[in-house]
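Asker: Okay, structure incoming, though there's no sequence with it:
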């Protein structure tokens, strides 16, 4: 199944822009490379949404190639809703096991 449309939530847009600016300030043209990688990941998730398995929390996660970012989205009917573009080491997907 593939999504017919995509909706990018405000938080996802804000996270994307902040990361892009950070990379651009770090090295010229790196922000543009990040933008291209995010766009490619979004295009991929629209084309092949089911290749990204649904997790326990009901969301799907698409990695951003060459960057430690992930796109969190949900498939509702023919709409892919992007909720977040986040840095994997800041908010890891797996919870740490508690030591007893």
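Answerer: Ah, there it is. Owing to the predicted nature of the structure, the values given are computational and were not obtained by experimental measurement. Numbers count the residues shown, from 1 in each chain.
Asker: okay, CA-based contacts and neighbour counts for the rest of this
Answerer: Fine.
Asker: helix or strand for the residue positioned nearest the centre of the chain, which one?
Answerer: The residue lying closest to the centre of the chain (CA atoms, centre = their mean) is residue 71, at 1.1 Å. Residue 71 is part of strand 69-76 when elements are defined by DSSP states H and E.
Asker: now what about that strand, what contacts it?
Answerer: Contacts to strand 69-76, defined as CA atoms under 8 Å, 6 or more residues apart in numbering, come from residues 3, 41-42, 49, 58-64, 80-88.
Asker: what about the closest residue to residue 66 other than its chain neighbours, helix or strand, and which?
Answerer: Of all residues beyond its chain neighbours, the one nearest residue 66 is residue 37 (7.6 Å), with distances taken as CA to CA, 6 or more residues apart in numbering. Residue 37 is located in helix 30-47, with elements delineated by DSSP H and E.
Asker: which parts of that helix are buried?
Answerer: Residues of helix 30-47 classed as buried by neighbour count (16 or more other CA atoms under 10 Å): 30-31, 33-35, 37-38, 41-42, 45-46.
Asker: what mean pLDDT would you report for it?
Answerer: Helix 30-47 shows a mean pLDDT of 94 in the predicted model.
Asker: After that helix, which helix or strand is next?
Answerer: Stepping forward along the backbone from helix 30-47, the first helix or strand reached (DSSP H and E) is strand 60-64.
Asker: quick one, what contacts residue 60?
Answerer: When the contact criterion is CA under 8 Å, 6+ apart, the partners of residue 60 are 52-54, 72-75.
Asker: what residue ranges in the protein score low on pLDDT?
Answerer: Along the chain, the model assigns pLDDT under 70 to residues 1-3, 91-100.
Asker: hang on, residue 84 packs against residue 11?
Answerer: Yes - taking contact to mean CA atoms under 8 Å, the distance of 6.2 Å between residue 84 and residue 11 places them in contact.
Asker: who has more neighbours, those two?
Answerer: Neighbours of residue 84 and residue 11, each counted by other CA atoms under 10 Å, are more numerous for residue 84; the result is 21 against 13.
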